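S.K.: here's my sequence, what's the structure:
(chains A and B)
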Protein chains: 2
Amino acid sequence: MSIEFHIDARRGLARAGRLITPHCEIETPVFMPVGTGATVKGLPQDILEELGVQILLGNTYHLYLRPGVDVVRRFGGLHGFMAWSRAILTDSGGFQVFSLNELRKVTEEGVTFRSHLDGSSHFFTPETAIAAQIGLGADIIMAFDECTEYPADRARARASMELTLRWAARGKKYFEAHKHEAPWRFAAESARNTQSLFGIVQGGMDLELRKESAERTIEIDFPGYAIGGLSVGEPRERTREVVEATLQYLPKDKPRYLMGVGTPEEIVEYSNLGIDMMDCVLPTRAARHGLLFTSEGRISIKQARYTEDEEALDRNCACPVCRRYSRAYLRHLYTANEVLAQVLNTLHNLSFYLDTMRRVRHSIPLGEESHFISDVWSRPKP
Amino acid sequence: MSIEFHIDARRGLARAGRLITPHCEIETPVFMPVGTGATVKGLPQDILEELGVQILLGNTYHLYLRPGVDVVRRFGGLHGFMAWSRAILTDSGGFQVFSLNELRKVTEEGVTFRSHLDGSSHFFTPETAIAAQIGLGADIIMAFDECTEYPADRARARASMELTLRWAARGKKYFEAHKHEAPWRFAAESARNTQSLFGIVQGGMDLELRKESAERTIEIDFPGYAIGGLSVGEPRERTREVVEATLQYLPKDKPRYLMGVGTPEEIVEYSNLGIDMMDCVLPTRAARHGLLFTSEGRISIKQARYTEDEEALDRNCACPVCRRYSRAYLRHLYTANEVLAQVLNTLHNLSFYLDTMRRVRHSIPLGEESHFISDVWSRPKP
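M.R.: Residues are numbered from 1 along each chain as shown, chains lettered A, B, ... in the order given. Just a heads-up that it's a prediction; the model follows:
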């Protein structure tokens, strides 16, 4: 066994479930904080635990370049290397290879790209991307896909989708032959002792292609499916349309992962459509720019209006930042370029995302629509 | 009452005491972490509490420029502004005015200087420096002194010392007239409801001048005395000589504060000479440069030798960093320029300093010489 997925309650298309991985039981729908380089920027692991994070996302592209897969494998994988005992998911590196490398060269075999760190040349194939992810040892790993650019015409979107399908089959074959090689130190004794490989649906913004991609990816057979290639510049209504259409063709009894999405409003919206897993750099990246999410709207903490504001950042939030510090102090830290600004801002934003997901999940068995959040967000700012 | 100082045990010149301030009872000898801009760079206040920090140092110069004394006063002083309920000491701004401002202009009245932030012109006097510190509301505040440059000839050192003495008398007079104006919200109910103003001994490297400065500062009468103007470029033996000489002339029943010193070895050494309070940016600044203090010597964590090092940073340290993370992980964070590197490195270095001071303090009633640490430090690196 690698993972189990149980659906505990439904309301319309939404599902409240439990995803049981080798390292942690995860309540879904779940938001996965992004820990690009084996760290969620600015936060020690014990704070992530206190926030209730059950699964983190790591980026294979970044970890492959630094510190390198061999180093991480020697520590028993990312779990050992970063001292994190709960679940981890790694992406395949595909998205970064395409988004960070203008000089990439794609062939049937794989992608040649240059490191954004030192310009050195590297080659990823569907097999080496899986091998790297086995070395990193995440609970859930992802097939190597081509993230279709936006906009793309139909011929281009089809060709890209077909390539992703051929790569998915190659990746699956490699994974089946090597899936017992995860470097977990407790792997031998565990009942769930292998990683899980998820497939990724592509097809650009074309609903027919999305349907075909979903059906043919399911034929290859994975324990979970992701929807990739969204949030690449398309209008938000288009994203929703593609997600809604694609979900119809995905198995109801397996976890569904929407990659790289989104705002607090969007994670609520997509949970309501039946998405089980999401990740996004938004809460952590926005924190670094002083953009904070609250139950009463977004706050740009650098604004002069907060100079003497004694209020908590979010009066409805029970996170350690809102319990202790004033907006004035957070503004001071940000404008003085203090590192603590990043630490506290990230802590609050992640807490807000995780709390939002908990509220959505707990509302599903109650049969209530999850409109409570968008209702609140429509209020004017305090 | 402002402060009480009790000496519980002595061993040779060393004293183990308790300094009771309005906000916290402090075990001495004590190392005070530097929180320049109302934050110990990178660490949330709850971590400082967990480390056992009883008193923090704030820099008046920096806080005066940003966020400004009026803002801080409105929050009930630094305690309210930075949400820190234990003790705080502020320096007078004198050291920064002299060290950060090449264009300063000193007159009998005070110092004109330019902000290192925006070049704006400001004027500090012995009175305004106290007024600012009353607004910031620290438990212990410092007289405005001229930190004599090194090297200085005897005439220059004497003139500078005489100026500091005249300024000390002016500052004391201003303080006595305004000492009930601290913005503490609980001040009215507290038995110890005023701040304490400490005097500062100057005199350059001249032992005669140091004696005279001590005697004449004591005549002005303060509840505690600092030794200033050291660690300004002089050889370390000279520092020790001046400290030893000056301590002879300071009252035995009042706290003695050595400003801006030093390495772990030095804080042990000066504790053994009878110093009760010290502060230094070294543990926090070194952390930002990846220089870590351990019981087995200094470690530059960026070195390639730590790339795959599974050991804790310091096997004799029980801090949260040493309990959880490997040297390899800390090296990865540092070389990848991750913010978490600063957080964890600072956490460890401060823990090491505080732990060192605790060991020194606890050894004093036992009558043991505090050589345990220098013995260990003379070992080769692991």
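S.K.: bridged to the residue nearest in space to the middle of chain A, which residues?
M.R.: Per C-alpha atoms, centre = their mean, the C-alpha nearest to the average position across chain A is that of A:D279, at 2.4 Å. Beta-bridge partners of A:D279, counted by DSSP bridges, are A:M32.
S.K.: and A:V339, how many neighbours does it have?
M.R.: For A:V339, the neighbour count with other C-beta atoms under 10 Å in any protein chain shown is 18. C-beta coordinates here come from the backbone N, C-alpha and C atoms, glycine included.
S.K.: which bits of chain A sit near chain B?
M.R.: For chain A, the contact set with chain B under C-beta under 8 Å from any C-beta of the partner chain comprises A:37-39, A:41-46, A:66-67, A:71, A:74-75, A:81-83, A:307-308, A:310, A:320, A:324-326, A:328-329, A:332-333, A:335-336, A:338-340, A:342-344, A:347.
S.K.: ok, 6 Å please
M.R.: Counting by C-beta under 6 Å from any C-beta of the partner chain, the residues of chain A close to chain B are A:37, A:39, A:41-42, A:66-67, A:71, A:74, A:81, A:83, A:308, A:324-325, A:329, A:332, A:336, A:338-340, A:342.
S.K.: from those, which land in helices?
M.R.: Members of the residues of chain A next to chain B lying in helices (criterion: DSSP state H): A:71, A:74, A:81, A:324, A:329, A:332, A:339-340, A:342.
S.K.: which residues of the stretch 51-200 of chain A score low on pLDDT?
M.R.: Counting by pLDDT under 70, the stretch 51-200 of chain A contains low-confidence ranges at A:186-192.
S.K.: sorry, back to before: dump the ones in helices among the residues of chain A next to chain B into a markdown table; add distance to B:E25 as well.
M.R.: As requested, those are exported to a markdown table (distance: C-beta to C-beta, whole Å):
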| residue | distance to B:E25 |
| --- | --- |
| A:V71 | 47 |
| A:R74 | 48 |
| A:F81 | 42 |
| A:R324 | 22 |
| A:Y329 | 26 |
| A:H332 | 29 |
| A:V339 | 30 |
| A:L340 | 26 |
| A:Q342 | 33 |
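S.K.: could you flag which of those residues are buried?
M.R.: With burial judged by 16 or more other C-beta atoms under 10 Å in any protein chain shown, the buried subset of these is A:71, A:74, A:81, A:324, A:329, A:332, A:339-340, A:342.
S.K.: quickly name whichever of the residues you listed is closest to B:L291.
M.R.: Distances from B:L291 to these, taken as C-beta to C-beta, are shortest for A:V339 (16.9 Å).
S.K.: so who does that closest one touch?
M.R.: The contact partners of A:V339, taken as C-beta atoms under 6 Å, 6 or more residues apart in numbering or on different chains, are B:41-42, B:342.
S.K.: for B:P22, see how far away A:N349 is.
M.R.: To B:P22, A:N349 is 36 Å away according to C-beta to C-beta, to the nearest Å.
S.K.: the nearest residue to A:S196 once chain neighbours are set aside in helix, strand or coil?
M.R.: Distances taken as C-beta to C-beta, 6 or more residues apart in numbering or on different chains place A:S2 nearest to A:S196, at 4.1 Å, with adjacent residues excluded. Per DSSP: H, G, I helix; E, B strand; the rest coil, the local secondary structure of A:S2 is coil.
S.K.: which parts of the stretch 201-350 of chain A are helices?
M.R.: Using DSSP state H, counting those that start in this stretch, the helices of the stretch 201-350 of chain A run over A:207-220, A:236-247, A:264-273, A:282-288, A:320-324, A:327-335, A:339-363.
S.K.: contacts for the fifth one?
M.R.: Contact partners of helix A:320-324, identified using C-beta under 6 Å, 6+ apart, comprise A:312-314, A:344, A:347-348, B:83.
S.K.: can I get these in TSV including distance to B:S231 and neighbour count?
M.R.: Shown next, in TSV, are the contacts of helix A:320-324 (distance: C-beta to C-beta, whole Å; neighbours: other C-beta atoms under 10 Å in any protein chain shown):
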residue	distance to B:S231	neighbour count
A:A312	40	20
A:L313	39	26
A:D314	44	23
A:L344	32	30
A:L347	35	23
A:H348	38	27
B:A83	31	17
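S.K.: my read: A:G76 touches A:P183, true?
M.R.: Yes - contact criterion C-beta atoms under 6 Å: A:G76 and A:P183 qualify, at 5.2 Å.
S.K.: which one's more surrounded, these two?
M.R.: Applying other C-beta under 10 Å to A:G76 and A:P183 shows that A:P183 carries more neighbours, namely 20 against 17.
S.K.: so the residue nearest to the centre of chain A versus chain B, what's the distance?
M.R.: From A:D279 across to chain B, the span is 19 Å (C-beta to the nearest C-beta, to the nearest Å).
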